[in-house]
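> this one's structure only:
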């Protein structure tokens, strides 16, 4: 049986990633789109989720791609209507609201999937296996990109609850918590917030593994030229470098994996399997670390940012 | 067998509450104090936890009353030395570091107690029972006190990780999550941060119960004159008001309980029981809500604050 899905929030990530990935995935088809301003091709279009739920009685699943600040109410509405729900990352504006969605999905007997696309990058599984057989001595994360290129005209990302540079940075945290086999603890944070914005443009984090190995991270949205999405892990038996956001793997300097980004198709295969199994997949470890960084982090004012 | 305890951080809360409560509690005695500047009477004194652990080989438990920013390393050190640990609130500067302490306590087979003194206020248990038989329609929290009176000369409380007005406010969150029988979700927050400080002096929170009842809270550290620590709950069958920080209870306007504060003696009886049972008691719901408020909260600059 093919899952009849409706997508809410037809913005950049939906067009760049979700639509082509759904197209390529067996077992799911897009039948409707809800968007205030945009129209999907070859599907029924609605102005909002409420209208979509009312108009598409045979819808099985809802894919939520709007800004995180409005994700909770939409997810609650879809779950209460008995639909399976796919959440873009970050899965919500707070940890407690996603916890509430998990309880609701369980009560409704439907699938809830908190997607973390970076965990499906080509080299992540191999990195995890390699690290599992070693003792971690240190981890260093460098996540530097150009916000003007990746998030043009997205005011919500700069508002409270929009995560700022943690929007890409949480991808690094999602890989970190996937490849490190023990819990990671946030110890301190420094958040650089532009004078005219509510969310950080840069962040420096100090974390540790449960056994005490230091984990350092720098997130920066001001990088022009080549972009950097690297996680370096030093162990008792060699060093690992995940780069290109997890699609390239080097072990002791030698390239082991170098593959194109196939993250979203892999996530949609996962979602189809979850719906088939009636299962829930919500790991909040990356969101918890982000919340901890904001809780303990020092806000440092920095230069105003204009798009 | 009497628990031989050492206390770290001989500040205001230790002198006002911990020392008299330990004195009154059967099953525990204070044998040592570690403090950089202060000396305990009639006990062995040490400059820090390391010296105390080295000097008191028969110590059973460590009570941590220092600022939350340094709590984690001390707790880790005490647990690794095989001691039971009592944490003042908030139990740490981040949720993930307390999670790590729970795992460590479990591995070491010792007691870890994250104390929330407001949960032991005189009227909390009765309030919880009354609410459990009704449907909540709304909750309103007003937590207004004079920081100059309660936290004189405590610079750490204004630093990142020091919680600011969430230091008292988390007491309200600890009562809220005790008396409301379903999970509470943080939806949005506004944090007023003095121009010369890193932590909020005021906060306005919007939350909801899992069934959707609104929960509003105002924390304010600028209240002079009478102090306000109130939680009002409207239900389908009457209204409840917890005031005096949970030591007075009114039902439909009629006073039901009005008792003196006996919170710390009750917590020490609990700690003695936990050690006797080899149990862990760490509920992180209040700390999770605080982290969520910082994650989604808008920082609003406000007037500089001088002690």
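Nice, I can see it. This is a predicted model, so every value here is computed, not measured.
> measure the residue most central in space within chain A to residue A:249 for me?
Nearest to the mean C-alpha position of chain A, by C-alpha atoms, centre = their mean, lies residue A:89 at 3.2 Å. Using C-beta to C-beta, to the nearest Å, one obtains 22 Å as the distance from residue A:89 to residue A:249. (Each C-beta comes from the backbone N, C-alpha and C, glycine too.)
> could you pull out the helices for chain A?
Counting by DSSP state H, residue ranges of the helices within chain A are A:12-13, A:19-24, A:49-55, A:71-80, A:95-108, A:124-132, A:147-150, A:166-179, A:263-277, A:285-296.
> Stretch A:248-266: which residues count as buried?
By neighbour count on 16 or more other C-beta atoms under 10 Å in any protein chain shown, the buried set for stretch A:248-266 is A:248, A:249, A:250, A:257, A:261, A:263, A:264, A:265, A:266.
> The fourth one and residue B:250: what is the separation?
When distances are taken as C-beta to C-beta, residue A:257 and residue B:250 turn out to be 66 Å apart.
> Residue A:11 touches residue A:65, doesn't it?
Yes - applying C-beta atoms under 8 Å, one finds residue A:11 in contact with residue A:65, separated by 6.4 Å.
> Please say which of those two ends up with more neighbours.
Neighbour count, other C-beta atoms under 10 Å in any protein chain shown: between residue A:11 and residue A:65, residue A:65 has more, with 21 against 18.
> Chain B contacts on the stretch 1-150 of chain A?
A:69, A:72, A:93, A:94, A:95, A:96, A:97, A:99, A:100, A:103, A:104 (C-beta under 8 Å from any C-beta of the partner chain).
> Swap in 6 Å and give it another go.
By the rule C-beta under 6 Å from any C-beta of the partner chain, the part of the stretch 1-150 of chain A lying against chain B is A:93, A:94, A:95, A:96, A:97, A:100.
> In TSV: the residues you listed, plus pLDDT.
What follows is those, written out as TSV (pLDDT from 0 to 100):
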residue	pLDDT
A:93	96
A:94	97
A:95	97
A:96	97
A:97	96
A:100	96
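> List buried residues within those residues.
For the residues of the stretch 1-150 of chain A next to chain B, a burial check counting by 16+ other C-beta under 10 Å picks out A:93, A:94, A:95, A:96, A:97, A:100.
> I'd like the distance between the last one and residue A:76.
With distances taken as C-beta to C-beta, residue A:100 is found 8 Å from residue A:76.
> Over to the fourth one?
Distance, residue A:96 to residue A:76, using C-beta to C-beta: 13 Å.
> Likewise for residue A:192?
34 Å.
> for residue A:258, which residues make a bridge with it?
Applying DSSP bridges to residue A:258 gives these bridge partners: residue A:248.
> State the distance from it to residue B:287.
From residue A:258 to residue B:287 the distance is 42 Å (C-beta to C-beta).
> what do you get for residue A:7?
Separation of residue A:7 from residue B:287 (C-beta to C-beta) stands at 35 Å.
> So between these two, which is more surrounded?
residue B:287 (30 against 26).
> pretty sure that one is touching residue B:94, no?
No - Residue B:287 is not in contact with residue B:94 according to C-beta atoms under 6 Å; the separation is 8.3 Å.
> Not counting the lengthiest strand in chain A itself, show me its contacts.
The single longest strand within chain A, with elements called by DSSP state E, is strand A:184-194. Outside strand A:184-194, the residues that touch it by C-beta atoms under 6 Å, 6 or more residues apart in numbering or on different chains are A:200-209, A:215, A:289, A:292-293, A:296-300, A:302, A:304-305, B:94, B:96-97, B:100.
> cool, and stretch A:238-258?
Residues from elsewhere that reach stretch A:238-258 (C-beta under 6 Å, 6+ apart): A:118, A:121-124, A:126-127, A:175, A:229-233, A:259, A:261.
> one more time with 7 Å, if that's ok
A:118, A:121-124, A:126-127, A:130-131, A:171, A:175, A:229-233, A:259-261 (C-beta atoms under 7 Å, 6 or more residues apart in numbering or on different chains).
> Quick one: end-to-end length of that stretch, please.
From the first residue to the last, stretch A:238-258 extends over 19 Å; the measure is C-alpha to C-alpha, to the nearest Å.
> Over it, what's the mean pLDDT, rounded is fine.
Averaging pLDDT along stretch A:238-258 gives 97.
> And for stretch A:180-200?
The pLDDT scores in stretch A:180-200 average 96.
> quick one on the thing from earlier: can I have the buried ones of the contacts of stretch A:238-258 as a PyMOL selection?
Restricted to buried positions by 16+ other C-beta under 10 Å, the PyMOL selection for the contacts of stretch A:238-258 reads:
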select buried, chain A and resi 118+121+122+123+124+126+127+130+131+171+175+229+230+231+232+233+261
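> Format the buried ones among the residues of the stretch 1-150 of chain A next to chain B as TSV; extra columns: distance to residue A:242.
Shown next, in TSV, are these (distance: C-beta to C-beta, whole Å):
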residue	distance to residue A:242
A:93	28
A:94	29
A:95	26
A:96	31
A:97	30
A:100	33
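> ok, of those, which one's closest to chain B?
Chain B has its nearest neighbour among those in residue A:94, at 3.7 Å by C-beta to the nearest C-beta.
> hang on, the closest one packs against residue B:294?
No - applying C-beta atoms under 7 Å as the test, residue A:94 and residue B:294 come out as separate, 9.8 Å apart.
> And residue A:90, how far from residue A:286?
With distances taken as C-beta to C-beta, residue A:90 is found 8 Å from residue A:286.
> and for the two, which residues touch both?
residue A:170.
> Distance-wise, check residue A:75 relative to residue B:151.
The spacing between residue A:75 and residue B:151, counted by C-beta to C-beta, is 39 Å.
> between those two, which one's more packed in?
The neighbour comparison of residue A:75 against residue B:151 (other C-beta under 10 Å) goes to residue A:75, with 28 against 22.
> Return the residues in contact with the more buried one.
Residue A:75 makes contact with A:64, A:85, A:87, A:101, according to C-beta under 7 Å, 6+ apart.
> at 8 Å instead, please
If you count contacts by C-beta atoms under 8 Å, 6 or more residues apart in numbering or on different chains, residue A:75 has them with A:64, A:85, A:87, A:92, A:101, A:112.
> cool, residue A:267 as well?
By C-beta under 8 Å, 6+ apart, the residues touching residue A:267 are A:21, A:115, A:117, A:120.
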